[in-house]
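Undergrad: quick one, what's the 3D model for this:
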Amino acid sequence: MDSKVLCIDLGGTKLSLAHVCNGDISNQQAYAVTKNESLSEFNTFLFNAIKPLMTDEVNGISIGVPSLIEMSSGKVVETVNIPAWQNVEIKTLLEQQFRVPVIVNNDANCFAVGEFHYGSGKDCNNIIGVCMGTGLGAGLILNGKLYTGKYSAAGEFGSFPYLDATIEDYCSGKLFTNYFGTTGALAYRKASEGCEKTKKIFKQLGCHVGAALHQVILSFDPDKVILGGSVSHSFGLFNTSMMQTLKELTHPTLFENLQVVQSELPHAALLGAYHIYRQQK
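TA: Numbers count the residues shown, from 1 in each chain. Have a look, this model is predicted:
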């Protein structure tokens, strides 16, 4: 029988946890993430969320975090959207606290692995998993294998310079908060109700995402790009302008053979964390 793994997906606004065994998810829990806590307060929040799920059947923990990670040690180097969570020996701390092996990886890497093995990336050899939420992260599957780099920074094109800021500022929730004084969720609701002014925001979002993916295509030439995260739920509102921008910018051969799709796999990052754990253990 396969071992049960406690899998964790830590994002900028939400923490998800679940037991995963044989690719099946159970006992899934979710908590809102508070950004203004101190380091000790945030660690206490994380540990308290984990404790109820650490049953005798759990043989390990696999956690995806929205951070730069020193892959050799499992140390969190920097977490942009959780200010206090910097230079944290999270692998060591969790192993000391819960006495089981711990695997740490980037949350976007976990998402990409989940899509590659369980979702719409199963028929591909090269995919980019893009997480569009509070920020923007990406995971790379190249020639059938996850590529992370030394600090899990591979594929983080959200930090590339773009217009007057970065790609992340225009292709994540930051577009709504920083440039339009609203939230992605509220804008999505208004656009879905027919608000033409708000629909134009999503049209702009699609143009920005298309311009960003053009750079990704030239860098990695993937078979498929899979969009996940909260902002991707509005895919139907920005898909047309995104693809039109891609068509204008991308070589016809590359464009004709590229697929850009919305994730249809619930809890892809949790499943990816599970697969990464099973591979490494």
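Undergrad: can you name every helix or strand that the lengthiest helix in the chain contacts?
TA: If you go by DSSP state H, the chain has its longest helix at helix 196-220. Other elements packing on helix 196-220 under the criterion 3 or more C-beta pairs under 8 Å, 6 or more residues apart in numbering; DSSP states H and E are strand 127-132, strand 136-142, strand 161-162, helix 167-171, helix 174-179, helix 184-192, helix 235-249. Where you see a C-beta, it was placed from the backbone N, CA and C, and this is true even at glycine.
Undergrad: need the winner for burial among the ones you listed.
TA: Mean neighbours per residue, mean count of other C-beta atoms under 10 Å, is largest over the helices and strands packed on helix 196-220 for strand 127-132, with a mean of 30.
Undergrad: show me what that one is packed against.
TA: The contact analysis (3+ C-beta pairs under 8 Å, 6+ apart) places strand 127-132 against helix 107-118, strand 136-142, helix 196-220, strand 224-228.
Undergrad: show me where the stretch 1-150 of the chain has strands.
TA: 4-10, 14-21, 24-32, 58-65, 68-70, 75-78, 102-106, 127-132, 136-142, 145-147 (DSSP state E, counting those that start in this stretch).
Undergrad: same list (the ones you listed) but as CSV, adding distance to Ser172 and mean pLDDT.
TA: What follows is the strands of the stretch 1-150 of the chain, written out as CSV (distance: least, C-beta to C-beta, whole Å; pLDDT from 0 to 100):
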stretch, distance to Ser172, mean pLDDT
strand 4-10, 16, 97
strand 14-21, 14, 96
strand 24-32, 18, 96
strand 58-65, 17, 97
strand 68-70, 17, 94
strand 75-78, 17, 95
strand 102-106, 16, 97
strand 127-132, 5, 97
strand 136-142, 4, 96
strand 145-147, 22, 96
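Undergrad: out of the ones you listed, deepest packed?
TA: Note that of these, strand 127-132 is the most buried (mean count of other C-beta under 10 Å), with a mean of 30.
Undergrad: C-alpha coordinates for that strand, CSV please?
TA: Extracted as CSV, the C-alpha positions of strand 127-132 are listed here (Å, rounded to 0.1, in the frame of the first residue of the first chain):
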residue,chain,number,x,y,z
ILE,A,127,4.7,22.3,-20.5
ILE,A,128,4.7,25.5,-18.6
GLY,A,129,2.4,25.7,-15.6
VAL,A,130,1.5,29.3,-14.8
CYS,A,131,-0.1,30.3,-11.5
MET,A,132,-1.9,33.6,-11.8
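Undergrad: ok, residues contacting that strand?
TA: Under the contact criterion C-beta atoms under 8 Å, 6 or more residues apart in numbering, strand 127-132 has outside partners 107-109, 111-116, 121, 136-141, 155, 171-173, 209, 216, 220, 222-232, 263, 268-269.
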